[in-house]
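[1] Turn this into a model:
(one chain, ligands or ions: 2)
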Amino acid sequence: YSNWDYSDQGANWVTKFKLCAGTKQSPIDIKAPTCDEGLNNSITFTNYDKTGSSKFTFENNGHSLVLKAPGPDAKVTLGSLGTFNFHQLHFHWGKDDTKGSEHLHDGKVFPAEMHLVHINSKYSTFQEAQQNADGLAVFGVFIKVGQAENTAFNFLSSSPSLIYEGTKVNVTQFAINTLLPTDQTIFYRYKGSLTSPTCDEIVTWTVFDQPISLSASQLAQFRIVKDNHNKTLVDNFRVVQNLNNRTITYWSE
Ligand code: BO1
Ligand code: ZN
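    Ligands and ions are numbered 1, 2, ... in the order given. Sure, this is the predicted structure:
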């Protein structure tokens, strides 16, 4: 159960969820980043290449399609910022290809965006991380439409079993790094928030420069599922927020 919708994100979110009115909100339009060469912020992936027989679940939570890992196994180290355990990944998409991403890149919108949510390893639960400014690291990946099927995303073909909120299927564990752009060395970094209520300002965002591609029929798999009101779940993105007093940095090796 949840008492918010993408269609009421204007006034209602900030009325019902005070944190959504904050000054460090996400998403944003990523433009004019500052190069931070001194930053020790390379990304080290652990178990992102791991395959196995344990189960991921893929589910419709009424706001998105979410792929969940059973426990802290895959993780990332963000230089001096610490280590963050992979928790889940999910998607935001449009009714059509002209919209769908949450972040923009120099004003450019993409048909979809994938988020990989990681919890700081110094906290044991999402709820504990939610109380702390360094609680989460979320990776954002822009999704464009391409000619070929992206076989790493074969799990999307189970979306006909996920039409209704609360439905889920098992997915055999696969290497999470197959979902990422080939070039993981160019990325943008800024401090922001969860992009949906309760909008907590607890996220270190990393948005990769290079998009990934899904075929038109793979993007269509998103657009058949229903939301928490049994209406077609599309346009599940928040509009861009003001940067205010923040800087966007980039780092390239
Ligand atoms: S996002 O990555 O900024 N789009 C984002 C937005 C909202 C959440 C997570 C990521 N919400 C939270 C829920 C928790 C839940 C958690 C992990 O997702 O508020 O109740 O445990 O799935
Ligand atoms: Zn998200």
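
[2] doesn't residue 153 fall inside a helix?
    Yes - judged by DSSP: H, G, I helix; E, B strand; the rest coil, residue 153 forms part of a helix.

[3] So for it, what's the pLDDT?
    For residue 153, the model assigns a pLDDT of 98.

[4] Ok, the one 4 residues further on next?
    We note a pLDDT of 98 for residue 157 in this prediction.

[5] can you pull the contacts of the closest residue to it other than its chain neighbours?
    Leaving aside its chain neighbours, residue 157 sits nearest to residue 221 (6.5 Å; criterion: CB to CB, 6 or more residues apart in numbering). Using the backbone N, CA and C atoms, a C-beta is placed for each residue, glycine as well. Contacts for residue 221 (CB atoms under 8 Å, 6 or more residues apart in numbering) come out as 156-157, 159.

[6] buried subset of those?
    By neighbour count, with 16 or more other CB atoms under 10 Å, the contacts of residue 221 hold 156, 159 as buried.

[7] Please narrow the contacts of residue 221 to those residing in strands.
    Of the contacts of residue 221, none are assigned to strands by DSSP state E.

[8] ok so, going back, what are the buried residues along the strand or helix carrying the residue nearest to residue 157?
    Secondary structure assignment for residue 221, by DSSP states H and E: helix 216-222. Using 16+ other CB under 10 Å as the test for burial, helix 216-222 gives 218-219, 221-222.

[9] Toward the C-terminus from it, list the very next helix or strand.
    strand 249-251.

[10] And the residue nearest to residue 157, how close does it get to ligand 1?
    19 Å (CB to the nearest ligand atom, to the nearest Å).

[11] What of residue 52?
    22 Å.

[12] what's near enough to touch that residue?
    Counted by CB under 8 Å, 6+ apart, residue 52 has contacts residue 173.
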